[in-house]
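**Q** from the sequence below, what's the structure:
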Amino acid sequence: MSQIDLFGTATTPPSDDDPLMGQQVRMPERCQCGSVIARIGPGTATHRASVRCSSCNRHRAWLSKKTAAWLEAVAQKFGAPEVITLRTKNSTDSRG
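**A** Reported below is the predicted structural model:
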């Protein structure tokens, strides 16, 4: 008997004009490999995008539709930054 996939395995195909795909992200905590840099990739039915470690490709986070829309609006108004820095309410500075 196989496990039911509640979140959907189909990924949202990245479009050529998607400004977030491939964008570098500085994470609030280091990956197990030690890197703090990740890249935005395709999402799923319930998540706008995934965030994967640039060094080891380990899944780091999901990007919500609301957060992605905010990032797109900021990039459209002010231009896309070279690296987006993600923070959480309780995150520490992990740049070393």
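**Q** for the spatially most central residue of the chain, give me its contacts.
**A** Compute the mean C-alpha point of the chain, and by C-alpha atoms, centre = their mean the closest residue is residue 51, 3.0 Å away. Neighbouring residues of residue 51 by C-beta atoms under 8 Å, 6 or more residues apart in numbering: 25, 27, 38, 39, 40, 41, 59, 60, 61, 62, 63, 86. For glycine as for every other residue, the C-beta is placed from the backbone atoms N, C-alpha and C.
**Q** least confident pick among these?
**A** By pLDDT, residue 86 ranks lowest within the contacts of residue 51, coming in at 83.
**Q** from residue 28, how far off is it?
**A** 6 Å (C-beta to C-beta, to the nearest Å).
**Q** all strands of this structure, in order?
**A** Taking DSSP state E to define them, one finds strands in the chain at 24-26, 37-42, 49-53, 59-63, 83-85.
**Q** what would those look like in CSV with distance to residue 18?
**A** Formatted as CSV, the strands of the chain follow (distance: least, C-beta to C-beta, whole Å):
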stretch, distance to residue 18
strand 24-26, 15
strand 37-42, 9
strand 49-53, 9
strand 59-63, 12
strand 83-85, 14
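**Q** closest one to residue 77 among those strands?
**A** Of all the strands of the chain, strand 83-85 sits nearest to residue 77, with 14.4 Å by C-beta to C-beta.
**Q** check which residues of the closest one are buried.
**A** residue 84 (16 or more other C-beta atoms under 10 Å).
**Q** which residues does that strand contact?
**A** 23, 24, 25, 26, 37, 71.
**Q** go again using 10 Å as the cut-off
**A** 20, 23-28, 36-38, 40, 51, 63, 71, 74-75, 91, 93, 95 (C-beta atoms under 10 Å, 6 or more residues apart in numbering).
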